[in-house]
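Novice: Can you look at this prediction? I've put the sequence above it.
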Amino acid sequence: MPELEVRRLGRTSMKPKALGLGGGHLAGPEQTDESAIATVRTAIERGINFVDTAPDYGLSEQRIGMALADGWRDKVYLQTKVGSHPEFTRDWSKEATNWSLENSFNALQTDYVDSVLIHGPRFDIEEPLGTCLEVMLEWKEKGRIGAVGVGVRQPEFHKRAIEAGVDIVLSFLNYTLLDQTLADETIPFAIEHDVGIIIGSPLGNSLLAGPEPIQKEESFGATVTGLHDEDGRIIPSAVGSYLDPAVYPPAHAMWQWCNDRDLNIRDLAIQFALNAPVKGNGIVLTGSANPNEFEEIYAAATTPLSETVREDFEAEFGLTI
C-alpha cells in the first residue's frame with residue numbers, strides 16, 4: 001500500500017501529508033469523547049499530520065484538544081477558524097475575533113495553532129478582511145498563529161483574500177467528481193501567489209461516500225432553515241451539497257456505474273481529489289466520525305485504482321482520476 005505524498009501549503013512552513021483529518025464529524029452528542037479521541041489518534045498513527053476543526057463544529061475543538069493531550073499535539077499541524085462560533089456568528093469585530101481565538105485555544109489546550117481561517121463569510125468578503133484579519137495578523141506577529149487564511153467557497157472571495165495577503169485558502173464541494181470549478185480560477189491564482197490550497201468535502205457531503213445517494217424531499221426547499229437567503233437564492237455553502245436537488249442525478253449515475261462493477265464510489269472520489277492540479281501545493285481534507293470510517297478513507301487514499309477503471313470512468317463521465 002503506497003504512502004501518502006508529502007505536500008506543501010504555499011509559503012507556510014507546513015509540510016503536511018496529502019490527506020488531512022477534518023473535525024466536523026467529531027462534534028455530536030451521539031458520539032462519545034472516547035470514540036472521537038480514538039479517531040484522531042488512529043489517523044495520527046497512520047501518518048496523518050494535519051487536523052482541522054472550527055468553533056461551530058459542536059464538541060469538535062474540545063475533543064480534538066483532548067486527543068492531542070499527552071504529547072500528541074507535537075505530531076500534527078493544527079488548524080481552526082474564526083467567525084463561526086455560535087456566540088459571535090459572522091461577527092468580524094475585534095472583540096469577537098479575540099474572544100473566538102482565546103476560546104478555541106483554550107478548548108484545544110494549546111498556546112499555538114499552525115493556521116487559522118476566516119470561516120464562511122456568505123455574501124461579503126471585505127468586512128472579514130478588515131478588522132478580523134488584522135487581529136489574526138497581530139496574533140501571528142506574536143507567535144500564536146503560524147498562518148492565516150479563509151475557508152469559503154466563492155472563487156471571487158478566494159481571489160480577494162489572496163490579494164489581501166492570506167497564506168491559505170480552503171474551499172469545499174467544488175473539487176469533486178461532481179464539480180471541478182475550483183480548478184477554473186482559484187487553484188491557478190493560488191499557485192501563482194504561492195498560497196496553500198485545501199480541498200474540503202471530497203465526498204460531496206457524503207453523496208460520494210458509498211451508500212446510494214437517494215433524494216429525500218424533506219431535505220429540500222423551505223423545510224430546511226437557512227437553505228435560501230431572503231431573495232430565494234440557495235446559500236453558497238449549500239450549492240452542490242446534499243441539500244441541492246440538482247446534484248442527485250449525476251451523483252446517482254456515478255454511484256450506479258460503480259455499483260454495477262462492484263466498486264465503491266468513495267475510492268474514486270478520494271483518488272480524484274488527491275489528483276487535483278495543485279502541483280504539490282495543497283491537501284485534501286475529509287472528516288470521519290469514528291476509527292472505522294477513517295480506515296476506509298485511508299484505504300481509499302492509499303490503494304491505487306486499476307488503469308482499466310480509470311480509463312472506463314473517463315470514457316463514461318469525461319473525468320480523469
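Specialist: Received it, and whenever you're ready, just let me know what you need. Numbering: from 1, shown residues only.

Novice: mind listing the helices in the stretch 201-321 of the chain by residue range?
Specialist: 248-260, 265-274, 291-302, 307-317 (DSSP state H, counting those that start in this stretch).

Novice: Just want the angle from the third one to helix 265-274.
Specialist: Here helix 291-302 runs at 60 degrees with respect to helix 265-274, directions being taken by axes from the mean of the first three to the mean of the last three CA atoms, to 10 degrees.

Novice: what about the residue most central in space within the chain, distance to F189?
Specialist: Central residue of the chain (CA atoms, centre = their mean): G200, 2.9 Å from the mean position. Per CB to CB, to the nearest Å, G200 is found 18 Å from F189. C-beta: built from backbone N, CA, C; applies to glycine.

Novice: Go ahead and confirm P16 touches R7.
Specialist: Yes: using CB atoms under 8 Å, P16 is in contact with R7, at 5.9 Å.

Novice: Need the overlap of contacts for these two.
Specialist: With contacts taken as CB atoms under 8 Å, 6 or more residues apart in numbering, the residues that reach both P16 and R7 are I283.

Novice: picking up where we left off before, out of the helices of the stretch 201-321 of the chain, which one sits most buried?
Specialist: Comparing the helices of the stretch 201-321 of the chain by mean neighbour count (mean count of other CB atoms under 10 Å), helix 265-274 comes out on top with a mean of 24.

Novice: Return the distance of it from the chain's centre.
Specialist: Its chain's average C-alpha position is 15 Å from that of helix 265-274, according to CA atoms, centre = their mean, to the nearest Å.

Novice: Same check on stretch 41-61?
Specialist: On CA atoms, centre = their mean, the centre of stretch 41-61 falls 11 Å from the chain's centre.

Novice: With only the CA atoms kept, save it in PDB.
Specialist: Presented in PDB, the C-alpha positions along stretch 41-61 are these (Å, rounded to 0.1, in the frame of the first residue of the first chain):
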ATOM      1  CA  ARG A  41      -5.200   9.200  17.300                       C
ATOM      2  CA  THR A  42      -5.900   6.400  14.800                       C
ATOM      3  CA  ALA A  43      -5.400   9.000  12.000                       C
ATOM      4  CA  ILE A  44      -2.100  10.200  13.500                       C
ATOM      5  CA  GLU A  45      -0.900   6.600  13.900                       C
ATOM      6  CA  ARG A  46      -1.500   6.200  10.200                       C
ATOM      7  CA  GLY A  47       0.700   9.200   9.500                       C
ATOM      8  CA  ILE A  48      -1.800  11.900   9.100                       C
ATOM      9  CA  ASN A  49      -0.300  15.100  10.400                       C
ATOM     10  CA  PHE A  50      -2.900  17.800   9.600                       C
ATOM     11  CA  VAL A  51      -6.000  18.200  11.800                       C
ATOM     12  CA  ASP A  52      -8.700  20.800  11.100                       C
ATOM     13  CA  THR A  53     -11.600  22.000  13.300                       C
ATOM     14  CA  ALA A  54     -13.800  25.000  13.900                       C
ATOM     15  CA  PRO A  55     -15.700  26.500  16.800                       C
ATOM     16  CA  ASP A  56     -19.100  25.800  15.200                       C
ATOM     17  CA  TYR A  57     -18.400  22.100  15.000                       C
ATOM     18  CA  GLY A  58     -20.000  21.400  18.300                       C
ATOM     19  CA  LEU A  59     -17.700  19.500  20.600                       C
ATOM     20  CA  SER A  60     -15.000  19.100  17.900                       C
ATOM     21  CA  GLU A  61     -12.400  21.600  19.300                       C
END
